[in-house]
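K.L.:
Fold the following and give me the result.
(one chain, ligands or ions: 2)
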Amino acid sequence: MIIKTLEIKNFRNYSSLLLNLSDKLNIIYGLNGQGKTNLLESIYLLGFTTSHRSFTSDNLIKSGEEKAIIKGKLQKDISYNLEINLMKTKKQVKIDGKIQTKLSNYIEKMNVIIFSSEDLNLIKGNPNERRKYFNLELSQISPNYYSALNDYNKLLKLRNEYLKELNLNMPIDLNYFNILTDYLINKSIFIYQMRNKYVEKLNKICPPIFEEIAGIKGFNIKYHPSINLENFDKETIKKTLEKAYKDHLDKEIRFKSTLYGPHRDDFTFDIDDNNLREFGSQGQQKMAIIALKLSEIEILKDFKRTNPIILLDDIFSDLDSNKKNNLLKHITGDMQVIITTTDLDSIDKKLLTTAKLIHIENGKIKETEVEK
Ligand SMILES: Nc1ncnc2c1ncn2[C@@H]1O[C@H](COP(=O)(O)OP(=O)(O)O)[C@@H](O)[C@H]1O
Ligand SMILES: [Mg+2]
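P.N.:
Numbering: from 1, shown residues only. Ligands and ions are numbered 1, 2, ... in the order given. Coordinates of the predicted model:
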C-alpha cells in the first residue's frame, strides 16, 4: 500500500502542510527540531490513531490551537481517504468522509511500521509498552482482536470498580461480580490465543533475521501470560483463570484491582533464555528491535497481501554501513519507504538519486525543494 498525499493542519509544529509522496523512497531532511519526526508521527497516527511517542503524546495539537487534522490518500486495491481529527478530549476518524464509530475497522486499513529511537523502550520499558506494541500489531492484522481487547478493557474497568466497593468485613453479593468475571474470562481466551499465535509466528521469522544482522544464534521472543498456562486450549485458559480468580479473591479485594488476565501479561526478547533487557548490550537490543520490525513486514505482507508503509526515523546515523545495508536489503524494493535524516551524506548515493527529497524547515517544506 502507498500513501499518495498527506495533508496536516495544526499538528505539532505544522500549521498547514500538503505533501505528495513518492511510491518508493522519500527522504525528509533538515536540521534538528524542524519537524521531521513530527511528520512521520502524523503518518503513524493516521494509521494507528495513537502516537508512537509514548511520553509526549499530550502535545499533538499545535500549541494555541484547538484541533489538529491529518488526512491521507491511501492507495491499495482501491483507494481510501483517511482522516483523523484530534481535539483536546477526543479524537474522530473518517474513511472517505464518513465518521467511523468502530476503530477496529479503521485501524486495519493502513499498515505502518516505524523504526525509531523510541523503539528501545520496547525492551527497556515496562510491560505496558510491550503490551501496547503487541496489541497494535495484532489489531493491524485482526479487527476481531481489537474488538475483543476493547470489550475486555471495558469489562476490566467495571470489575475493578466493583472490587473497589467490595469490603471483606461486610457480607457481599457476588452475583453481578461473578457474571462480570465470566465475561472477562470469555474475552481473555481469544486474546491469549492470538498473542500466543503471533509470538509463535514471529519466532519462525525473527531468529534468522537476527542471526543475519547480529551474527548470533538463539534469539527468540517469549510470551509470559500472567497465569501459568500449560497450553493455550480454550478449556485450559478458562479453568486456569477461573481458579486464579477464585483462589485470590481476598487478595484482589485487598488490592482493589484485577490481578490476573491479559492486562498483566509480558513478553521478553531473549538469547538462549537470557533476557536481553538484563543481559544484552545496547547494540544487541537495537538489532533485536530491527529484526522484530523486519519480521513484522513479513507478517503483514502475509496477512494483508500488500506491503506496509515503512517509516525510518533518523536511524541511519548510528548504524554502521554493514547494518545499514542489511536493513535496506530488507526494506527497499517495491515498498514505500519514508526516511528522515539530518545528514543526506549518511545515505547511499545511489539511493539518493532515486529518492524524492523533502527539505523541512520550521514546520514547512522549504520552497527550493518543492519541485524536486
Ligand atoms: N504541540 C506543539 N506545538 C508547537 N510546536 C511543537 C508541538 N510539539 C512539538 N513541537 C515542536 O516541534 C519541534 C520538534 O520537532 P521534531 O519533529 O521532533 O524535530 P526533528 O526534525 O528533530 O525530528 C520542536 O521545536 C517542538 O517545540
Ligand atoms: Mg527527530
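
K.L.:
Point out the other helices and strands that the helix or strand of the chain at the bottom of the mean pLDDT ranking packs with.
P.N.:
When the helices and strands of the chain are scored by mean pLDDT, DSSP states H and E, helix 321-331 comes last with a mean of 76. On a contact count with 3 or more Cβ pairs under 8 Å, 6 or more residues apart in numbering; DSSP states H and E, helix 321-331 meets helix 175-214, helix 282-304. From N, CA and C alone the C-beta is placed, and that goes for glycine too.

K.L.:
Can you pull out the residues in contact with that helix?
P.N.:
Helix 321-331 is contacted from outside by 209, 212-213, 287, 290, 294, 297, 310, 312, 316, 319, 337, 348, 351, using Cβ atoms under 8 Å, 6 or more residues apart in numbering.

K.L.:
who wins for most neighbours among those?
P.N.:
residue 287 (25 neighbours; other Cβ atoms under 10 Å).

K.L.:
how close does the nearest residue to it once chain neighbours are set aside get to ligand 1?
P.N.:
For residue 287, ignoring the flanking residues on the chain, the nearest one in space by Cβ to Cβ, 6 or more residues apart in numbering is residue 214 at 4.3 Å. In this view, residue 214 and ligand 1 are 27 Å apart by Cβ to the nearest ligand atom, to the nearest Å.

K.L.:
Export the helices and strands packed on helix 321-331 to CSV and append columns for mean pLDDT.
P.N.:
Below are these laid out as CSV (pLDDT from 0 to 100):
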stretch, mean pLDDT
helix 175-214, 95
helix 282-304, 91
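
K.L.:
Looking at these, spot the one closest to residue 86.
P.N.:
Among those, the nearest to residue 86 by Cβ to Cβ is helix 282-304 (25.2 Å).

K.L.:
Return the angle between stretch directions for the next helix or strand after that closest one and helix 321-331.
P.N.:
As assigned by DSSP states H and E, the chain's next helix or strand after helix 282-304 is strand 309-313. With axes from the mean of the first three to the mean of the last three Cα atoms, to 10 degrees defining the directions, strand 309-313 sits at 160 degrees from helix 321-331.

K.L.:
what packs against strand 309-313?
P.N.:
helix 36-48, strand 112-115, strand 337-341.

K.L.:
any idea how far the helix or strand following the shortest one is from the chain center?
P.N.:
Stepping forward along the backbone from strand 112-115, the first helix or strand reached (DSSP H and E) is helix 121-124. Taking the mean C-alpha point of helix 121-124 and that of its whole chain, the gap between them comes to 13 Å (Cα atoms, centre = their mean, to the nearest Å).
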